[in-house]
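Show me the folded form of this:
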Amino acid sequence: MSELATKVNAVLKRKGRLIWSVRPDTSVYRCMEIMAEKEIGALLVMEEDHLAGLITERDYARKVILQGRSSKETAVSEIMASPALCVSPEHTVGDCMLVMTKNRIRHLPVMEDGKAAGIISIGDLVNWIITEQEETIRHLEAYICGR
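Next comes the predicted model:
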């Protein structure tokens, strides 16, 4: 199976389904603190179980810093991407790469039955492809060498 045909569900299984989120009234400053602490580039913005949007480091740079706003006084709801582009666990790695490239984004929430099931980044997809290609090479080498 091609790496690009792999379902998002498989990527999440390897990566994990841990989700970091904030509420819409959270300050952008607090969001940046959380992203730095967790070493991540995006947070889901949740209103209870409902996905309200997505906040990324890029949003901070372009919608706060470059506009001279205060990150401590700006609520995430003022700058988040809403509605957020999402995928399901049944979408493929190729589907996700196409959505990310076409829309110039780096993160996609994964929604299942109306609930957040995870988040994937372009880095997650690239890591998936590299790992799968390395495994294919090992299998081919073993086959050629008769192991």
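
Let me see the mean pLDDT of the longest helix seen in the chain.
Secondary structure assigned by DSSP state H gives helix 122-145 as the longest helix of the chain. For helix 122-145, mean pLDDT rounds to 86.

what does it contact?
3-4, 6, 10-11, 14-15, 93, 96-97, 100, 106-107 (C-beta atoms under 8 Å, 6 or more residues apart in numbering). Where you see a C-beta, it was placed from the backbone N, CA and C, and this is true even at glycine.

Show me what counts as buried in it.
Of the residues in helix 122-145, those buried under the neighbour-count criterion (16 or more other C-beta atoms under 10 Å) are 122, 124-125, 128-129, 132.

got it, and stretch 83-102?
Buried-residue list, stretch 83-102, by 16+ other C-beta under 10 Å: 84, 86-87, 89, 91-93, 95-97, 100.

Could you export those residues as JSON lines, including pLDDT and secondary structure?
Formatted as JSON lines, these follow (pLDDT from 0 to 100; DSSP: H, G, I helix; E, B strand; the rest coil):
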{"residue": "Ala84", "pLDDT": "94", "secondary structure": "coil"}
{"residue": "Cys86", "pLDDT": "97", "secondary structure": "coil"}
{"residue": "Val87", "pLDDT": "97", "secondary structure": "strand"}
{"residue": "Pro89", "pLDDT": "96", "secondary structure": "coil"}
{"residue": "His91", "pLDDT": "97", "secondary structure": "coil"}
{"residue": "Thr92", "pLDDT": "95", "secondary structure": "strand"}
{"residue": "Val93", "pLDDT": "94", "secondary structure": "helix"}
{"residue": "Asp95", "pLDDT": "95", "secondary structure": "helix"}
{"residue": "Cys96", "pLDDT": "96", "secondary structure": "helix"}
{"residue": "Met97", "pLDDT": "95", "secondary structure": "helix"}
{"residue": "Met100", "pLDDT": "97", "secondary structure": "helix"}
